[in-house]
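J.: predicted structure and sequence below. I'll ask about it afterward.
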Protein chains: 2
Amino acid sequence: MQNYEIATVIVIFGIIDKQLNILLVNRSAEPENNKWALPGGLWLGEKNLQETATDKLLSETGAKDVYLEQLFTLSGLNASNPKGLAVCYFALVNEKNVQLRKEDSWHPKWFNANEILDLAFQNNLVIERAINRIESKLEYSNVAYSLLPNEFTMRELQETYEAITGKNYDRRNFRKKMISNNLIQETGNLRKAGAHRPSSLYEFISKVPTIY
Amino acid sequence: MQNYEIATVIVIFGIIDKQLNILLVNRSAEPENNKWALPGGLWLGEKNLQETATDKLLSETGAKDVYLEQLFTLSGLNASNPKGLAVCYFALVNEKNVQLRKEDSWHPKWFNANEILDLAFQNNLVIERAINRIESKLEYSNVAYSLLPNEFTMRELQETYEAITGKNYDRRNFRKKMISNNLIQETGNLRKAGAHRPSSLYEFISKVPTIY
DNA sequence: CCAAAAGTGTTTGATTTACACCCATGA
DNA sequence: TCATGGGTGTAAATCAAACACTTTTGG
């Protein structure tokens, strides 16, 4: 008789070159050996689920205090064991703070979210749902804080939003909307960056995840 | 060493006397013996999770083909076993079609969602999240189909919405919004119900759950 | 003809969209 | 002084909210 096999799986998002990217690992073990897959690990029941996912995220990226939200739970994680469960999460990290584990035999690597190949398990489904979720939370929540540095320009914020939704926004309207949202505020600092007017820097008013 | 204990738990909503109600059972077993709790059962890994929840819903209410959506998964289901997981669902049923199991020693019973007592496990949290989820889906999805009969009046639809959100709507604006939503259509039938103008009957155009 | 609920349209305000010019800086 | 990106305001359109009278029926 087979035993329960419970895994946490994380869709880790980052923005690279103004594009939404996802961190994948190349499996060096059966099943699905040598296929690209979402990072994850077995849940042993020693910690709670959220902590397990947090730990996995930390070990994979070095990222702490980032947005991490549960997506859903899938059964049939693994075709060879019907008693498999995958508890799926998604996380948003500032790619600049990420240290990938070069020595890792699983070769973690960023992939453009719009060009994801055929992944192991049901990972493509998980990614699709993760992207839907982040898009729907973008407008009314502060999720994006976790993708950006503490201070950022309005343009960087806009580019982050555009990377996620794939849409382009009018600069003036975007600014008005963001400010009227009461999610961000000016820090009072300026950033000089070349032969043009310096830009004001903003920060998120709250960095506490809002879960619905 | 303790073993994994994985349960599915369901928040079953119905409208009774124009109020949002939730089906609870009175536990007749340890742990939390004699406390009210959400219905649920152990997942044995024989079927997938959704089917397990569907089966539980059927056995508890007799309801089939209803809206059933996964909410989230909690660890620490059960204080005595850290390896416990609760995969939580919520379902919407038309209370008129429900047959509670009178002979059941767990005495299933409807409770007004606004007057829920102190429940076993983390069930109060689960209910809170379930109510949030249903409210946020109400406006843009067809979830309500599952709470209503196939044909219903505009007023019944409005009362259903009001029961869930706790708000009152203007009849004229509500009607306009519902029709412009493209979720419902007139069936062409009328219902005569007393000394007043008969009401048109409506139906949901689609009864396929929309999951985001 | 009266009581009861169903059905309907318009006006107002709020929100969202579209759109173009001036500002501060470095080279 | 010029090129570059940063910053701002207004008009039009759309959407949401407020609001009251007429219709159909049964008794």
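T.: Alright, I've got the coordinates. Numbers count the residues shown, from 1 in each chain, chains lettered A, B, ... in the order given.

J.: in the biggest helix by length in chain A, what's buried?
T.: Looking across chain A with DSSP state H, the single longest helix is helix A:123-138. Within helix A:123-138, the residues that count as buried by 16 or more other CB atoms under 10 Å in any protein chain shown are A:123, A:126-127, A:129-131, A:133-135, A:137. Just so you know, the C-beta spots here come from the backbone N, C-alpha and C atoms, and that holds for glycine as well.

J.: ok, which of those residues also contact chain B?
T.: Among the buried residues of helix A:123-138, the ones lying near chain B by CB under 8 Å from any CB of the partner chain are A:Arg133.

J.: ok, back up a step: now tell me what touches the longest helix of chain A from outside.
T.: A:9, A:11, A:13, A:20, A:22, A:37-38, A:69, A:71-72, A:74, A:86, A:88, A:90, A:92, A:113, A:116, A:118-119, A:143-144, A:161, A:164-165, A:212, B:212 (CB atoms under 8 Å, 6 or more residues apart in numbering or on different chains).

J.: and the helix or strand just after that helix, anywhere near DNA strand D?
T.: Going down the chain from helix A:123-138, the next helix or strand is strand A:152-153, by DSSP states H and E. Yes: using CB under 7 Å from any atom of the strand, strand A:152-153 comes into contact with DNA strand D via A:Thr153.

J.: does strand A:152-153 come close to DNA strand C?
T.: No: Strand A:152-153 does not reach DNA strand C (CB under 7 Å from any atom of the strand); its nearest approach is 14.0 Å.

J.: helices and strands around the top strand by length along chain A, which ones?
T.: In chain A, ranked by residue count with DSSP state E as the criterion, the top strand is strand A:5-16. Judged by 3 or more CB pairs under 8 Å, 6 or more residues apart in numbering or on different chains; DSSP states H and E, strand A:5-16 is in contact with strand A:19-26, strand A:40-42, helix A:49-61, strand A:84-92, helix A:123-138, helix A:154-165.

J.: in that strand, what's buried?
T.: A:5-15.

J.: how about the residues you listed in TSV, adding distance to A:Leu201?
T.: Converted to TSV, those look like this (distance: CB to CB, whole Å):
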residue	distance to A:Leu201
A:Glu5	47
A:Ile6	43
A:Ala7	40
A:Thr8	35
A:Val9	35
A:Ile10	30
A:Val11	29
A:Ile12	26
A:Phe13	23
A:Gly14	21
A:Ile15	18
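
J.: and the two most separated of the buried residues of helix A:123-138?
T.: A:Asn123 and A:Lys137 (20.9 Å; CB to CB).
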